[in-house]
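# below are the sequence and a predicted model for it; my questions follow.
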Amino acid sequence: MNTAHPSTRRAICAACLRPQQTCICRWVTALPNQVEVLILQHPMEVSNAKNSARLLHMSLSNSRLEVGETFEPEHLQSLLSPDRRNVLLYPETEQKSERFDAAWLNEPLRLVVLDGTWRKSRKMLYLNPLLQTLPRLPLRDTPPSHYLIRKAHLPDQLSTLEATVYALAQLENDINKFNPLIDAFDGFVAQQASYVRRSV
């Protein structure tokens with residue numbers, strides 16, 4: 001039974017789903033993207049204040065965010081509908097996958113993004129065999145991460161937002177189009193860092 005008095009409950013922003021005091025809506029930067037983005041978010045990331053996927057989803061006009069660790073094959077298949085060629089944003093692993101073909105840049109594309117820690121995203125890939133069949137997109141020459149509020153598994157590891165933005169710039173052949181979202185991300189990171197400093 002919840003005994004909390006109604007007046008003590010924190011008001012939640014209906015858009016970003018965060019407490020009003022830590023709302024991130026001011027950092028939303030509306031941008032049109034030709035390549036559709038499908039974000040598969042691990043459930044543990046939903047309430048993580050440092051997570052960047054919600055800001056990414058709210059900023060990209062052509063995006064969808066689904067939460068889960070294991071997806072029903074039929075549902076996942078519907079998300080990966082054949083009206084677009086699906087490409088997984090994930091580094092190459094020991095498991096062989098189809099190489100990205102530059103000729104696909106002339107086709108309608110859907111970028112599939114796994115949002116979670118390195119361990120969780122790897123588990124999501126393992127638990128959803130359909131994802132393992134997708135060709136993978138390797139990122140090229142990405143700048144250092146601006147994600148200073150979360151420990152990286154690898155030196156060149158990026159946040160979900162950064163990796164997706166750089167992938168879109170690569171796929172849409174426009175290196176500057178999504179810079180405003182990186183600028184907004186810097187503001188988001190600074191906001192989260194300020195909360196950390198206050199709690200110390």
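Alright, I've got the coordinates. Residues are numbered from 1 along each chain as shown.

# what about the strands in the chain?
With strands called from DSSP state E, the chain shows them at 36-41, 63-67, 85-89, 109-115.

# include distance to Arg10, mean pLDDT and mean neighbour count when you put these into TSV, please.
Placement of C-beta: from N, CA and C, glycine included. TSV is the format used below for those (distance: least, C-beta to C-beta, whole Å; pLDDT from 0 to 100; neighbours: other C-beta atoms under 10 Å):
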stretch	distance to Arg10	mean pLDDT	mean neighbour count
strand 36-41	22	98	23
strand 63-67	21	98	16
strand 85-89	33	96	21
strand 109-115	24	97	23
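
# redo these as TSV? Include distance to Gln21.
Formatted as TSV, the strands of the chain follow (distance: least, C-beta to C-beta, whole Å):
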stretch	distance to Gln21
strand 36-41	23
strand 63-67	23
strand 85-89	32
strand 109-115	24
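
# which of those strands sits closest to Leu137?
strand 85-89 (4.8 Å; C-beta to C-beta).

# let me know the angle separating the closest one from strand 36-41.
50 degrees (axes from the mean of the first three to the mean of the last three C-alpha atoms, to 10 degrees).

# low pLDDT regions in the chain?
Residue ranges of the chain with pLDDT under 70: 1-9, 94-96, 143-156, 195-200.

# quick one: the helices in it?
Using DSSP state H, the helices of the chain run over residues 53-59, 73-79, 118-127, 129-132, 160-171, 179-199.

# next, format those helices as JSON lines and append mean neighbour count.
Shown next, in JSON lines, are those (neighbours: other C-beta atoms under 10 Å):
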{"stretch": "helix 53-59", "mean neighbour count": "23"}
{"stretch": "helix 73-79", "mean neighbour count": "12"}
{"stretch": "helix 118-127", "mean neighbour count": "16"}
{"stretch": "helix 129-132", "mean neighbour count": "15"}
{"stretch": "helix 160-171", "mean neighbour count": "23"}
{"stretch": "helix 179-199", "mean neighbour count": "15"}
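
# which one of those helices lies closest to Leu89?
So among these, helix 160-171 is nearest, using C-beta to C-beta, at 5.2 Å.

# closest one to Val112 among the helices of the chain?
Closest approach to Val112 among those (C-beta to C-beta): helix 129-132, 7.0 Å.

# what's in contact with that closest one?
The contact list for helix 129-132, computed with C-beta atoms under 8 Å, 6 or more residues apart in numbering, reads 40, 73, 76-77, 80, 88, 95, 97, 112, 114, 124-126.
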